[in-house]
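Engineer: Generate a structure from the sequence data that follows.
(chains A and B)
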Amino acid sequence: MPTLVSHPDEVRVLSRRFGQGAANIDKYIELDGYKAVQNAIAQGPEKMAGWIIDVMKASGLRGRGGAGFPTGMKWSFVPKTSEKPKYVLVNGDESEPGTCKDHVIFLEDPHAVIEGTMIAGLAIGSKLGFIYLRGEYRYLLKIVEKAVADAYAKGFLGKNIFGSGIDFDVITQTGAGAYEVGEESALMESLEGKRGVPRIKPPFPAVVGLYGGPTVINNAETIASAPHILLMGGEAYAKLGSERNGGTRLFGISGHVERPGVYELPMGYNLKRAIYEVAGGIKDGKKLKAVVPGGASCPVLTADEIDVGLDFDQMGKAGTMLGSGGIVVLDETVSIVEFALRTISFYQHESCGWCIPCREGTDWIKKTLTRVYNGGGSKKDVDNVQYLAENMMGRTFCPLGDAAAMPTLGFVKKFRKEFEDYIAGQKAGTPIITVEQLVGAGH
Amino acid sequence: MADVKFIVDGKQLTAPAGTLLIDACKSSGIEIPAFCYYPGLSLQAACRMCVVRIEKMPKLQTACTTPVTEGMVVATETPEIAQARKATLQLLLGNHPLDCPVCDAGGECELQDMTFKYGAADSFYAEPKNHREEQKWSPVVYFDRPRCILCYRCVRMCGEGMDVFALGIQNRGSSSVIAPNIPAELSPDHLAHVDCEQCGMCIDACPVGALTSGTYRYKTRPWEMNHVGTVCTHCGDGCKTTLGVRSTSDGSEIVRGDNRDKSGINGDFLCNKGRYAFDFANNENRITQPLVRQPNGELKPVSWEVALDYVGKELRQRRDARGGKSIGVIGSNRITNEEAYLLQKFARTVLGTNNIDHHRTADYVSFAQALAGQKDRTASLRDTLTAPAILIVGGDPTIQAPGTAWNIRTNVRNNRGRLYVANSAEIKLRRQAKSFLRLAPFGYSAFASYLAGNAASASEAATDINALSTFRDTIKAEEKLLILIGSELRGQDLKALIDFGLTIPGAKFALISDYANSRGAADMGLLPDMLPGYTPLAGNTTFAEYDTPSAPGLDLLEIFEAAGKGELSALYVVGSNPVTRYGIDPESLKDTFVVVQEMFLTETAALADVILPAANLYEKSGSVTNSYGDLQLVKKAGDRAGVRSDFEMIVRIADKMGANMQALVPFGKGTRADMGQSRGAQSGEADRHSVWLTANNLEPKLSPFDPFAILDEIQRLVPGYNLLRLQLLSGNDQHLQPAAPAPLVQVGSRRDLVLPANDSLFTSGTLGRYSTMLSDLQHNESLRPPTGLTQIETAAD
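Structural biologist: Next up, the predicted model:
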């Protein structure tokens, strides 16, 4: 299990129970656990839902999965009455390369997720929540399952929770190992036992979601933030962050830094400072080359572009994204050609195959970069990769296509010279490897 | 829904709110390309070809998923859009084998068309294309993975359209592949197979050449064929099939059947028989020369003139010596209306006998009787697609009438039609049914009686009495109920059911029969006790100009009984195999002169004294009437040297017998010359026809071999066949109201002669035995894995 890290600049809201054994329900209760949900219930059946949504709206909390949609607003979109049951769905399919924050939450504070699920359920009038973990997090399942079982044992889940007259159940489920099901509608398909491919929108999940019922689906970190927000109040939480970006969030800083780890920093915190102060600077005193700021799908920032605030709006202005908060730091020894190949290889492997631009585009970028990397490239290949990525952007069925195209475009645009030098340098000495040798005949 | 106004490419358009943009544009003549979109199936938005620019939207939008809204402003062909489509095509072609010169789809390929339009001819890729070997999924379905563009039309067609779910997707990303339901590792021969209804709709839906037909692949190119739209010969639905015909050394060979322009009564649908089972026409065992039995018992080929002379002479002698009553005539379910009409007229006026019948697969006599005098109470096949509620009593449309089943499934899926099924077997359509009532074995009579108000029949009708009464109350509460009736209901039972149905406002009825012209055979009077249009033999005025015997003749079984007693001097069989169908003892025919018009040496033909090689329904022109009473034109597609149409043969035999040809087939100016002055019955007949022709602005036909001369007479004389020429000749179906003249013969006065064919999806009576493809499909069925993996449901019979 990973060691927890800390830094004085951290503002510990979500992570305040980390490292204290809060996976144990009694410890969790001791640390104000299950108070937020009781506070909500104390508002009375009439006011409860409105109260929760008002607090969440005031908190300025934006979805921590990467899209940054305001959570309170999302919850308010669910119709008050529905013929079909309503559902709360926790997206724990944390799969974006460089992202490891939900993992720590499930490990250190699983009850926060359960309590958050209950709060979302009360807000939208749902009686059933699902916690969906990525297939590769199967080893976390027993922790979460135990937490759920403990909550049932205490009577917190099940019939008549906290004497409110309201029933609420939680079911856990793991995926089968597909990045694609991190997309909300693909996750619902997967949960329903189908192929994990996304659905056509509209209708959006708030209206037609899981099993056709109105569904709130939130990232695990978003859900886990809810109890803390209810306890401290929306405005107080909002104030911790920057403008239109309330609160704090977990950043997973990895790569070539001295102290990699998951840190909770206020929204808007300076990226450069996060790397050089919080994470202790570049490992072994090397020079910084580039930063992938929010998970592998975010366009890369060069070393001189990192003086920027870590929130959704400032990162957008800088031409990249806050994404899932997975900051990957690359030092001068990294070959961008190799890094680009590794990145696209991931997306090629994870493309669900539903739509043509993503299925074929990721495959051809990977094939082309593989050849370039192995010494068979030409200058035209860089143009081709850029052309492919440009023609994937905005044309795919779901955001995975963009997620693959955006970083690729970033690499070839910002590091074009490195690609060209790489190709030229290879040509001089190394023998050109044939295509068949590279990919194998009859692939 | 209310109409909305929107602008596409600068044009102001109007469509009902909620219409998909791609459809709204199409109906206004703006074609938006798409691979994955298929009207009526679920939306995919996977191919990204239909992207358009909608004002105020940040990205290009897919026209196949966007409903039109008021004030929407859309551009469908801009440089940006063209580039997006071109890039998509470039990606598709990256792995596409580009084997267009040998691909079956070449010339009919949507990928080819799109590439031509957007010019994605340049390739940037150096890597080898993904390749997989082609797979034979069944005798009729082949899969070429490299050509597949993964539009999932086949998957949806099979699942949603056919309710079979034999196809799915395996793997993910660029390794995604369409996979059949029997993987190689579970298959006895270690090859992947489809266990399905073999309808070929997946091939039809495939926009490229990834799925190809076992009967057609690598045979020819689309532009080397003539395409003839005609009517399938196999079941009572009468689907339009387009036959691809190519010249050969001895005629025109049919090389393909498909649903080319989807303009027929069957819409998008065509089943395996309509698509593949045309190959009986090319069977090597076909008879192409008249055969006459020699004194030594052998059949010897003779010339047409010799054969016809012989038949004419023999029939005339036997008629003159022993009377018309000693001659029997058996017609067919697969000949045209004109041939059936001519055959009964020949029997009645030339042979002088009412001993005429055919293999009845449903009780149309009782059906017409029960609906006598009613208007707008019969359903057309098209009604099954739109009726708000449908009740099926008996029958199994999935197997017996696949086009009907397709329509019903589509109706339930897309139009929210309510389906009720009452059957003694768990027929597959129960899966679409709102309510399925399991009837007791042989419980149809009791069920009809129960519906008619006889509560005492309940226990005989079904074991679950509560379900029975709930079912009855539910259907009673329906309006505009379409009642589809299987051949299990006959005589009084059929009448009881129809009488019950008539109490439901707007209810309509249809009776399912088994072959292309089963309904037409009955309508045209191939019956011993009725003239065409179910007109009584005696006392009718319509057919007064016929000189017919007034006493009812022998029915089909009585004809053979008479033969067994030595009372039948001659038997004339046209396109039928009663010996096998009714288990006739061959010995019973030993004293009878037997003439058979056939394609093959069937069990009946093998007993004949003369066999005349016949053309089949794909080799002649005329009209047929489907189970529902929808009239359609058949067109000559194939041709085989040596064979003649039944029409031509009947005319020639009548001529050889010395009959008055113009009385038999009203043709030529001669019909007009007499002007009725001679006052003879025959001249009067000719006059009436001539007067009718003039009144209808029609000319007399010039040839006695022109089926349209008889069509004129059918239209003039047969109640209910008041057809529209323009509709018929333009290849459209038209629904005919049943004949409902004055008192019909009493129901139940004759014995029940209905014998359902009980064909499976892979048989089609005697004819089906000569289809290699149907035989292959039967064999394929036997290759199913031993475990019960995705068994197709079959009828209980």
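Engineer: Quick check: nearest residue in space to the residue nearest to the spatial centre of chain B, chain neighbours excluded?
Structural biologist: Centroid check for chain B by CA atoms, centre = their mean gives B:Gly238 as the closest residue, at 2.5 Å. Of all residues not flanking B:Gly238 in the chain, B:Asn626 sits nearest, at 3.1 Å (CB to CB, 6 or more residues apart in numbering or on different chains). C-betas here are computed from N, CA, C, even on glycine.
Engineer: tell me the contacts of the one you found?
Structural biologist: Neighbouring residues of B:Asn626 by CB atoms under 8 Å, 6 or more residues apart in numbering or on different chains: B:231, B:236-238, B:265, B:381, B:516, B:519, B:632, B:733.
Engineer: does B:Ala192 really touch B:Ala184, like I thought?
Structural biologist: Yes: counting by CB atoms under 8 Å, B:Ala192 touches B:Ala184, with 4.8 Å between them.
Engineer: and these two? which has more neighbours close in?
Structural biologist: Using other CB atoms under 10 Å in any protein chain shown as the criterion, B:Ala192 and B:Ala184 rank with B:Ala192 on top: 19 against 13.
Engineer: And the pLDDT for that one?
Structural biologist: On pLDDT, B:Ala192 comes in at 93.
Engineer: quick one: it and chain A, what's the gap?
Structural biologist: 19 Å (CB to the nearest CB, to the nearest Å).
Engineer: How about B:Thr353?
Structural biologist: Taking CB to the nearest CB, one finds B:Thr353 at 66 Å from chain A.
Engineer: Please apply the same query to B:Cys103.
Structural biologist: 20 Å.
Engineer: same deal with B:Leu557?
Structural biologist: 56 Å.
Engineer: Assign that residue to helix, strand or coil.
Structural biologist: Under DSSP: H, G, I helix; E, B strand; the rest coil, the three-state class of B:Leu557 is helix.
Engineer: ok, now B:Glu587?
Structural biologist: Going by three-state DSSP: B:Glu587 is helix.
Engineer: How about the one 10 residues further on?
Structural biologist: B:Gln597 carries the three-state label strand when classified by three-state DSSP.
Engineer: Look up the pLDDT of it for me, please.
Structural biologist: 98.
Engineer: Please verify my assumption that it contacts B:Ser645.
Structural biologist: No: B:Gln597 lies out of contact with B:Ser645 (CB under 8 Å); the separation is 9.4 Å.
Engineer: More neighbours: which of the two?
Structural biologist: Taking neighbours as other CB under 10 Å, B:Gln597 and B:Ser645 compare with B:Gln597 leading, 30 against 24.
Engineer: Can you give me the distance of the more buried one to chain A?
Structural biologist: 56 Å.
Engineer: what's the spacing between that residue and B:Ala46?
Structural biologist: Note on B:Gln597: its distance to B:Ala46, by CB to CB, to the nearest Å, is 53 Å.
Engineer: go on, B:Leu381?
Structural biologist: When B:Leu381 is compared with B:Ala46 (using CB to CB), they lie 33 Å apart.
Engineer: What of A:Ala220?
Structural biologist: A:Ala220 is 29 Å from B:Ala46, by CB to CB.
Engineer: Spell out which parts of the stretch 201-350 of chain A neighbour chain B.
Structural biologist: Contact residues, the stretch 201-350 of chain A versus chain B (CB under 8 Å from any CB of the partner chain): A:348-350.
Engineer: can you do 10 Å?
Structural biologist: A:201-202, A:347-350 (CB under 10 Å from any CB of the partner chain).
Engineer: Inside helices: which ones of these?
Structural biologist: A:347-350 (DSSP state H).
Engineer: Which entries within the residues you listed meet the buried criterion?
Structural biologist: A:347-350 (16 or more other CB atoms under 10 Å in any protein chain shown).
Engineer: Can you name every helix or strand that the helix or strand where B:Leu91 lies contacts?
Structural biologist: Counting by DSSP states H and E, the secondary-structure element that holds B:Leu91 is helix B:79-95. Using 3 or more CB pairs under 10 Å, 6 or more residues apart in numbering or on different chains; DSSP states H and E, the elements in contact with helix B:79-95 are helix A:356-373, helix A:379-392, strand B:51-54, helix B:110-118.
Engineer: Nice, that's everything, thank you.
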